[in-house]
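Peer 1: below are the sequence and a predicted model for it; my questions follow.
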Amino acid sequence: MSPFFVMSLLFGLTFGQTASLCAPSEYIIHVEKRECAYCLAINTTICAGFCMTRDSNGKKLLLKNALSQNVCTYKEMLYQTALIPGCPHHTIPYYSYPVAVSCKCGKCNTDYSDCVHEKVRTNYCTKPQKLCNM
């Protein structure tokens with residue numbers, strides 16, 4: 001192997017994480033309860049972006065930990081609570097949601113992240129919409 005190729009490979013493995021474009025991104029969550037009169041559109045931040053991953057075609061030649069596929073996930077997050085308008089007194093009108101403070105590329109933690117992306121559109125309102133700016 002040429003010295004240039006070896007140096008390029010080492011540089012890519014060492015600094016590949018810094019080339020990732022994983023950061024908090026603005027996102028709107030739509031929340032509604034059957035008992036309440038309105039749907040609440042909440043402006044928040046989620047972790048989104050590109051993380052460097054390794055090609056698993058050479059899996060027989062690589063160590064098992066070198067095959068992990070990194071995802072853009074939470075480094076720091078906090079929870080905020082919003083009040084859903086138009087709820088009757090017997091209904092709990094509060095909804096808590098995560099806010100991404102900072103993000104990182106790493107393994108997906110199923111304790112607080114959905115690690116499977118489905119092509120189902122469920123983030124919409126069926127009732128009149130109210131906007132919540134936090």
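Peer 2: Thanks, I have the structure now.
Peer 1: any low-confidence regions in this protein?
Peer 2: 1-20, 54-68, 112-123, 131-134 (pLDDT under 70).
Peer 1: where do the strands of it begin and end?
Peer 2: 21-32, 39-50, 71-83, 94-106, 129-133 (DSSP state E).
Peer 1: can you put those strands in JSON lines and add mean neighbour count?
Peer 2: (Each C-beta comes from the backbone N, C-alpha and C, glycine too.) Shown next, in JSON lines, are the strands of the chain (neighbours: other CB atoms under 10 Å):
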{"stretch": "strand 21-32", "mean neighbour count": "16"}
{"stretch": "strand 39-50", "mean neighbour count": "18"}
{"stretch": "strand 71-83", "mean neighbour count": "15"}
{"stretch": "strand 94-106", "mean neighbour count": "16"}
{"stretch": "strand 129-133", "mean neighbour count": "13"}
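Peer 1: correct me, but Lys130 touches Ile42?
Peer 2: No. Assessed by CB atoms under 8 Å, Lys130 is found out of contact with Ile42, at 9.8 Å.
Peer 1: skipping adjacent residues, who's closest to Cys36 in space?
Peer 2: In this structure, Cys36 finds its nearest non-sequential neighbour in Cys87, 4.1 Å apart by CB to CB, 6 or more residues apart in numbering.
Peer 1: so that neighbour is in contact with Lys33, correct?
Peer 2: Yes. Contact criterion CB under 8 Å: Cys87 and Lys33 qualify, at 6.6 Å.
Peer 1: list the residues that contact both of those two?
Peer 2: Pro93 (CB atoms under 8 Å, 6 or more residues apart in numbering).
Peer 1: ok, now which ones touch the residue lying closest to Lys104 once chain neighbours are set aside?
Peer 2: Closest residue to Lys104 apart from its sequence neighbours, by CB to CB, 6+ apart: Lys75 at 4.1 Å. Lys75 sits next to Val101, Ser102, Cys103, Lys104 when contact means CB under 8 Å, 6+ apart.
Peer 1: look up how far Thr45 lies from the third one.
Peer 2: By that I understand Cys103. 9 Å (CB to CB, to the nearest Å).
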